[in-house]
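K.L.:
Model the structure of this input:
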Amino acid sequence: MRDNRYTNGSSKRGSVVLMVLIMATAVMVIAFSLLKTTTTSTRVTDRHVARLQAQSTAEALLEYGVAQLADQLESKTSFTEDELQPGNSPLVIPSSASAFFEGTDVNMGSLELRAGVLPSGDWKYISPIDLLYEYDELAGKIVFSREVELFSKASVRSSVGPDVTAYLAETFVVRDAPLFTNAIFYNSDLVFNPGYDTDVVGPTHTNGNLNVEVNSGYDLSFYGKVTVVGDLTRGNTSGGGGGIYFTSSADPITLAAMGSGTSTLDSSSSSWLSRATDRWNGFVQDSAMGVETQNVVAFNDYTPDDPTTPANERDNSAYALIEPLLPADHPDRKSDSVRNQKMQYKAGLIIKLEPGGVLKGYTPVRENSSVASSAPTSDAGGNIQYAEVTLPADVIGDPDPTFTSIENNAPEYYGTEDTTTTESYTYTTGRGRDKQTHTGYTTTTTTTVTSGLYDHRENKAVDTVALDVERLKYYIDNKDNSSTGFDGTFDVDSQWNGVVYVEFPTSRSTTDGVYDYGTSTNSYNVVPAVDSDSSGTEMALMIIDAKEVPEPTGVVEPGFTLASNAPTYLVGSFNADGVPHPKDSTEPDNSAEQPAAILVDSLTLLSDNWESNRANTLVDGRSEIQSDRPANSYIEVAAALVTGTPNDLPSYAPYATTDASRPYSLGVINLPRFLEYWGSSRTVTIRGSLVSLFESEVRPDGAPTNFNDYYVPPTRDWGFNTLFAEGRFPPGTPVIRNYRRVNFSSITKSEYEAAIQELDDL
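P.N.:
From the prediction side, this is the model:
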């Protein structure tokens, strides 16, 4: 990943905004080129022409103001009410306007452009059955909405009487949609190819293409709006495969088929725009309907590498969300707007793996020491200031063999053990006088994994650091600042905000006893070994004992968010009791369930049987893993999962940046990865939101062609958590910003002056 693009801000976003400004200016150029040539007509009076000129001038100012306002708000997460007023960040008329209007009758001294207050905003549900929002990309979602009034004024000289002045007003709506308002969100191409009946409940969005298919005899049904920035296509186009259905009406929900074979209706079909609109009534939209890219605030568009060209075109910008904060002098340090979105910036508790295998805790020093949501303080170089936190001894480190407690505050390093078994044998040969009896012994050596784990998808040995969520919950919920708790170093009431970030080192070099940060030119983002032999064994986070998450009383924002820059393994259920219940892919276990999220480089789900399966992680072969690495439990995950995924490699990929022998992404049904034999008799329930926001950078390779030699998937029971549908999101949830313009109107002089006076009185 080439991170230097952030050194001086988000260049791509700046280019997009520049294009918007150029387009707005172009509107002004066209308008006034026409106005310059306007002459007195026998059909209109001079004052009528002046009125049209004034109206067009004021409208052009509003166009410019909208583009400028979008630029100012693009990267901000918090606003003050007077943000856009004089003395702060007001809208300004470009200095080029004088030269632009030269030779016209526009009175330059009359031009005014003002923005109103930025209100605190409120949550709003965008109804998909409201005709006003029929083709709104955010229809069916809850958004945080702010409405800003824009005002413009322009006067044009008239040869008959005084100047003619136009006054205009428009409402600019800033809408923040939490990322987890989507059941599925992909920043890249979304491939959906389930083998069994699958229902997708909730909105689905991809910034790439969407390809859907399902095995014959089964159905894939989307119960929610589907928006695609690229093209929507169907596999099995030869006529095979099962039925694929999309929503055509929300009240009541009805479905309409995509069709198959020659009757398939997708983006390649003739008259696609009109036919898709008629069939699905705006619930299915692609590039032909003007669907726009949705990015987390302050991040660039994602661009994949083209493996058929020697250049590396990849822009994996959203990965910065889970990267550590870099120091002021680092060449890959991000802009302030991006840094403010990072999960480490948002975290109230940071745990770092430091030299010698020591795990230390930190909390930011905040501007208001008694409010966990206040901004962190920074030193003169812009680096956040932290206070060290004493971590309880049993929260993070080396897990016990049952993966239910922590034994030491240190990583568990990968280790194996050879077991030799000797068996006697006896057999005979020949007959009669030639008969002979043979005896002897055979020796077999079996290698088992005794610590850490072996990941067969990656063919890598892995050292692990385990986070015991149950023990963390105990200390947080009890606000334990005693000598056996946080020892007076962490006040839950004033410092806990529900976000925990676990930072792994990005290089093995150290300075003054602290790990240096790697760079984009020397394996930056590759979490290296920190064990004593420096063998190159990879490090990873392991989540254990996580059926319940922290939920202390008196917090402003309930819920739990765990983030890390490392590959992550989850053992057993998360934020759920692991007991199946009706509608468990959408409905919480009970009313006390907290909104939760996991944001990591890659995520692998492991069964409760992992304590015995871990020993056999070197085993491969489908029949062997069925007997030696079976997943003998049901697991339930109630959380939004934000993680990385590879792209499918085409058969011709001479310049692939990933391992060409591992070409498969395996689609959204394998977004969380597996390492065991599950089979259709075992089920994994995910109740949350599935988000592929970036390519994994520590685990960039896809799956090999023989992927069923290391895992066989479970029955997947995956759905959209009703907590998210109701607007209850985990702390630190990333947001996508969207703009909408409404209520454009001409106003009177008195209305304009009253509005401006009210702003001046702020």
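K.L.:
for the chain, what helix or strand is lowest in average pLDDT?
P.N.:
The weakest-scoring helix or strand in the chain, judged by mean pLDDT, DSSP states H and E, is helix 11-36 (a mean of 48).
K.L.:
roughly how far is the following helix or strand past it from the heart of the chain?
P.N.:
Beyond helix 11-36 on the C-terminal side, the first helix or strand identified by DSSP states H and E is helix 46-73. Remark: helix 46-73 is offset 37 Å from the chain centroid, using C-alpha atoms, centre = their mean, to the nearest Å.
K.L.:
Break the protein into its domains for me.
P.N.:
3-178+741-760, 184-289, 317-412+450-728, 419-444 (automatic domain parsing).
K.L.:
Output the ones you listed in CSV; the columns should cover distance to Val735.
P.N.:
The way it works is simple: take the backbone N, C-alpha and C, and place the C-beta from them, glycine included. Below are the domains of the chain laid out as CSV (distance: least, C-beta to C-beta, whole Å):
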stretch, distance to Val735
domain 3-178+741-760, 4
domain 184-289, 12
domain 317-412+450-728, 9
domain 419-444, 53
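K.L.:
Val173: neighbouring residues, count only.
P.N.:
17 (other C-beta atoms under 10 Å).
K.L.:
Just confirm it is within a strand.
P.N.:
Yes: under DSSP: H, G, I helix; E, B strand; the rest coil, Val173 falls within a strand.
K.L.:
when you give positions from now on, start the count at 46
P.N.:
Taking 46 as the first residue, the last one we looked at is Val218.
K.L.:
Name the nearest residue to it, sequence neighbours excluded.
P.N.:
Excluding the flanking residues, the one nearest Val218 by C-beta to C-beta, 6 or more residues apart in numbering is Arg785, at 4.3 Å.
K.L.:
element containing the one you found, please.
P.N.:
Using DSSP H and E, Arg785 falls in strand 780-791.
K.L.:
Buried residues in the helix or strand following that strand, which are they?
P.N.:
With elements assigned by DSSP H and E, the helix or strand that comes after strand 780-791 is helix 794-805. Under the neighbour-count criterion of 16 or more other C-beta atoms under 10 Å, helix 794-805 has 797, 800-801, 804 buried.
K.L.:
Also stretch 376-391?
P.N.:
377-380, 382-391.
K.L.:
need those residues in CSV with distance to Ser552 and pLDDT, can you?
P.N.:
Formatted as CSV, the buried residues of stretch 376-391 follow (distance: C-beta to C-beta, whole Å; pLDDT from 0 to 100):
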residue, distance to Ser552, pLDDT
Asp377, 12, 89
Arg378, 15, 92
Lys379, 18, 91
Ser380, 23, 91
Ser382, 26, 90
Val383, 21, 93
Arg384, 20, 94
Asn385, 25, 93
Gln386, 24, 94
Lys387, 19, 96
Met388, 20, 97
Gln389, 17, 97
Tyr390, 21, 96
Lys391, 24, 96
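K.L.:
Restricted to helices, list the residues you listed.
P.N.:
382-384, 388-391 (DSSP state H).
K.L.:
The chain: helices as residue ranges?
P.N.:
Counting by DSSP H, the helices of the chain are 56-81, 91-118, 142-146, 317-325, 381-384, 388-391, 514-522, 537-540, 655-658, 667-673, 767-770, 794-805.
K.L.:
Go through those helices and pick out the most buried.
P.N.:
By mean neighbour count, with neighbours taken as mean count of other C-beta atoms under 10 Å, helix 388-391 ranks first of those at a mean of 24.
K.L.:
Run the chain-centre distance for stretch 306-320.
P.N.:
That offset, for stretch 306-320, works out to 31 Å (C-alpha atoms, centre = their mean).
K.L.:
before we move on, what about stretch 503-521?
P.N.:
22 Å.
K.L.:
And for stretch 759-775?
P.N.:
Relative to its chain's centre, stretch 759-775 lies at 15 Å (C-alpha atoms, centre = their mean).
K.L.:
quick one: terminal-to-terminal distance for it?
P.N.:
27 Å (C-alpha to C-alpha, to the nearest Å).
K.L.:
What are the buried residues along that stretch?
P.N.:
In stretch 759-775, residues buried by neighbour count (16+ other C-beta under 10 Å) are 759, 761-770, 772-775.
K.L.:
Over to stretch 491-510?
P.N.:
493-494, 496-503, 505-510.
K.L.:
Closest one to Ser172 out of those, please.
P.N.:
Closest approach between those and Ser172, by C-beta to C-beta: Arg502, at 42.9 Å.
K.L.:
So that closest one sits against Asn753, correct?
P.N.:
No: look at Arg502 against Asn753 with C-beta atoms under 8 Å: they stay out of range, at 11.5 Å.
K.L.:
re the thing from before, right, so of the domains of the chain, which gets closest to Asp350?
P.N.:
domain 362-457+495-773 (5.3 Å).
K.L.:
and the closest one, how far from the chain's centre?
P.N.:
14 Å.
K.L.:
The stretch 596-745 of the chain: strands as residue ranges?
P.N.:
Taking DSSP state E, counting those that start in this stretch as the test, the strands found in the stretch 596-745 of the chain are 605-609, 612-616, 641-644, 647-651, 680-682, 685-689, 718-719, 722-739.
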